[in-house]
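Participant: Predicted structure and sequence below. I'll ask about it afterward.
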Amino acid sequence: MGITFFLICCLMMISVVLVASGVTIHYGVVSLLFAAMFGSALLVVGGGSFMPLVVLLIYLGGLLVVFAFCVGFTDDKYCEFWGAGGSKVSACVCGAGLGVGGYYMYDSAWAEVLGCFVDAVETWSGDVSNEFLGVGLFYMSGWGFLILSGWALLVVLFTIMILVRGRRRGALRSL
């Protein structure tokens, strides 16, 4: 179980670094897809089955919408691959940042703080499955956060559309 958890964590970190160092939108979206899948796999390895599925479906639905808008607004004649331009440097910087941050988080008092939080949640939940507690929190006290995150995603969608379009008209050239 520990080896599976470690392998999924490594694959997730690799996909996150590839998202940060992507030179074109197509490769970035594929890397983001893998990051979402590995994040859901981490939740499954941790003992959940319902919440990772819900998160994966909602996230992939939003990802596909943003991807469709961005591809519609971009016009790449020559799609570059990783390694072109400064993507090697940005991948090294992201990887080094993740390594240093992981070392300090593992070696510092954060591990004790997070350990106390996990112990408190385990004693509070008792015999009830943690998945059902998460679903209840979505509807009980998390409704405001859900509405706020929905509006934030809408703003991000329009921001991405404006930034990707740039000076060119993208898919709106014929209008």
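Facilitator: That came in fine, so what should we check first?
Participant: mind saving the C-alpha coords of stretch 35-53 as CSV?
Facilitator: Taking C-alpha atoms only, stretch 35-53 is exported to CSV below (Å, rounded to 0.1, in the frame of the first residue of the first chain):
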residue,chain,number,x,y,z
ALA,A,35,-3.0,15.3,-12.5
ALA,A,36,-6.8,15.1,-11.8
MET,A,37,-6.7,11.3,-12.3
PHE,A,38,-3.8,10.8,-10.0
GLY,A,39,-5.3,13.1,-7.4
SER,A,40,-8.5,11.0,-7.4
ALA,A,41,-6.4,7.9,-7.2
LEU,A,42,-4.7,9.2,-4.1
LEU,A,43,-8.2,9.7,-2.5
VAL,A,44,-9.1,6.1,-3.5
VAL,A,45,-5.9,4.7,-2.0
GLY,A,46,-6.8,6.7,1.2
GLY,A,47,-10.0,4.8,1.5
GLY,A,48,-12.6,6.8,-0.4
SER,A,49,-14.6,5.8,-3.5
PHE,A,50,-17.5,8.2,-3.8
MET,A,51,-15.8,11.6,-3.3
PRO,A,52,-12.9,10.9,-5.8
LEU,A,53,-15.4,10.0,-8.4
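Participant: Report the buried residues of it.
Facilitator: When neighbours are counted by 16 or more other C-beta atoms under 10 Å, the buried residues of stretch 35-53 are found to be 35-45, 48, 51-52. C-beta coordinates here come from the backbone N, C-alpha and C atoms, glycine included.
Participant: Can you pull the poorly scored residue ranges out of the protein?
Facilitator: Scanning the chain for pLDDT under 70 picks out 22-23, 69-88, 90, 102, 104-142, 160-175.
Participant: Do a quick rundown of the strands in it.
Facilitator: Secondary structure of the chain by DSSP state E: no strands are present.
Participant: all helices of the protein, in order?
Facilitator: With DSSP state H as the criterion, the chain has helices at 2-20, 25-45, 50-73, 87-107, 110-125, 130-140, 143-165.
Participant: and the last one with helix 25-45, angle?
Facilitator: So that's helix 143-165. For helix 143-165 and helix 25-45, the angle between their directions (axes from the mean of the first three to the mean of the last three C-alpha atoms, to 10 degrees) works out to 160 degrees.
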